[in-house]
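Engineer: Here's a sequence, model it:
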Amino acid sequence: MRTKQKFWRNRRCIVTGGVGFIGSHLCSQLHELGAEVIAVDRERVTRGTLFWHLNRTKDIEVVEQDISSPSGKDVIAGCKPDFIFHLAAEPFAPFTSQYPLESYLANVVTTVNALEAARECGAESFILASSACVFGTVKKSPLKPNDKQVEPEHYYSITKREAEAQVRIFSRLYGLGGVICRFGNVYGPGDRHFGRIVPRVCREVLLERKATVKLKRSSGQSIFEFLFVSDAVEGMIFSAENAKSHLELFQFSGGVNSRKSVRCIAEMTSEMIDGERRPVQVNQAHSERTVVKFLDTSDAERRLNWKPSYTLASGLKLTVDWYRQFIGQLTPREV
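Structural biologist: All right, here's what the predicted structure looks like:
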């Protein structure tokens, strides 16, 4: 990783949602850089979690805590972190539409509690993991940070917009320094949300031996850029290294060569597994609206010297190779 290793030595970092997909990778990388890492998550670390596979031999403290509860703020502040990486959220969009209250607690209230903890303990910086979903069902891209946000497909977009708004409010009212990191579609080894396209295809082919691949949520025509998880982690770390006393916003995505339809990603992933490009079945009855969504990352490239290191082909290969070895050991988080 192209980072300032000396910068992180003995820095105390809290990663909320640290037992999750991106959080587990972030904890691993911060530990390798010499940081003192504390993962805070409501999920317990078991053999079925990615965190166990990546970090069980590392000296990373894990605090089991739902930070949407009032005590969540005190737990975070009591750790006296230098940096708070806030990833705790309910990330599966269809679930948020079905359970809005639970999702508001998980995505918005956790953010307020983590921000209040940062203010109370005087953390150097607060880094929020946000999403391209804040833009809603757009059909024109690339999207600049301040482009218009339109009607969303899922309640998830509303909660992420509100989480970003809370970070802005805390920055303006209380002078809290921080960064909002918006990501495109992040994929990679160990994602246990099998409703997402890459892990879904890996499970259907590797475990279930399916002759076809099913798209449960869409017709497969929506076009996105796909970002490998290590590049997303690097974006957050670069953002923290360069954080100012005021709020900043950076966008991270996989680049032009990762710009593919969901259907194409399903076909590519299937072929990457065993050389066979299986037929793709779509669910027209419950199809999400077609969107064209990718992010303008020029600010991150210019000001952070960030660019994705992984091509779509190299990232998919690493992902498929990992699932080939470990997918049977993961506890699914599909909802």
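Engineer: Please, where are all the strands along the stretch 1-150 of the chain?
Structural biologist: 12-16, 36-41, 61-64, 83-86, 125-131 (DSSP state E, counting those that start in this stretch).
Engineer: how about those, which one is nearest R277?
Structural biologist: Each of the strands of the stretch 1-150 of the chain was scored for nearness to R277 using Cβ to Cβ, and the closest is strand 125-131 (29.2 Å). C-beta: built from backbone N, CA, C; applies to glycine.
Engineer: Give me the buried positions along the following helix or strand past the closest one.
Structural biologist: Next in sequence after strand 125-131, counting helices and strands by DSSP states H and E, comes helix 155-174. Using 16 or more other Cβ atoms under 10 Å as the test for burial, helix 155-174 gives 155-164, 166-167, 170-171.
Engineer: Could you do stretch 315-325 as well?
Structural biologist: G315, L316, L318, T319, V320, W322, Y323.
Engineer: okay if I get the strands of the stretch 1-150 of the chain as a markdown table plus mean pLDDT, distance to E204 and mean neighbour count?
Structural biologist: Formatted as a markdown table, the strands of the stretch 1-150 of the chain follow (pLDDT from 0 to 100; distance: least, Cβ to Cβ, whole Å; neighbours: other Cβ atoms under 10 Å):
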| stretch | mean pLDDT | distance to E204 | mean neighbour count |
| --- | --- | --- | --- |
| strand 12-16 | 98 | 31 | 27 |
| strand 36-41 | 98 | 28 | 25 |
| strand 61-64 | 98 | 31 | 15 |
| strand 83-86 | 98 | 32 | 28 |
| strand 125-131 | 98 | 25 | 25 |
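Engineer: now these in a markdown table, with distance to R47?
Structural biologist: Formatted as a markdown table, these follow (distance: least, Cβ to Cβ, whole Å):
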| stretch | distance to R47 |
| --- | --- |
| strand 12-16 | 20 |
| strand 36-41 | 16 |
| strand 61-64 | 14 |
| strand 83-86 | 25 |
| strand 125-131 | 26 |
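Engineer: excluding its backbone neighbours, what's nearest S270?
Structural biologist: Distances taken as Cβ to Cβ, 6 or more residues apart in numbering place R278 nearest to S270, at 4.6 Å, with adjacent residues excluded.
Engineer: my read is that neighbour is in a helix, agree?
Structural biologist: No: using DSSP: H, G, I helix; E, B strand; the rest coil, the assignment for R278 is coil, not a helix.
Engineer: check contacts around it.
Structural biologist: Going by Cβ atoms under 8 Å, 6 or more residues apart in numbering, R278 touches V205, K210, A211, T212, V213, E267, S270.
Engineer: List the contacts of the last one.
Structural biologist: The one in question is S270. Neighbours of S270 in contact, by Cβ under 8 Å, 6+ apart: V201, V205, V213, E276, R277, R278.
Engineer: hang on, S239 packs against R182?
Structural biologist: No: look at S239 against R182 with Cβ atoms under 8 Å: they stay out of range, at 10.7 Å.
Engineer: so what's in contact with the two at the same time?
Structural biologist: Residues within reach of S239 and of R182 at once, by Cβ under 8 Å, 6+ apart, are F250.
Engineer: Once you drop chain neighbours, what's closest to I273?
Structural biologist: I273's closest residue in space is V205 (Cβ to Cβ, 6+ apart), at 5.0 Å.
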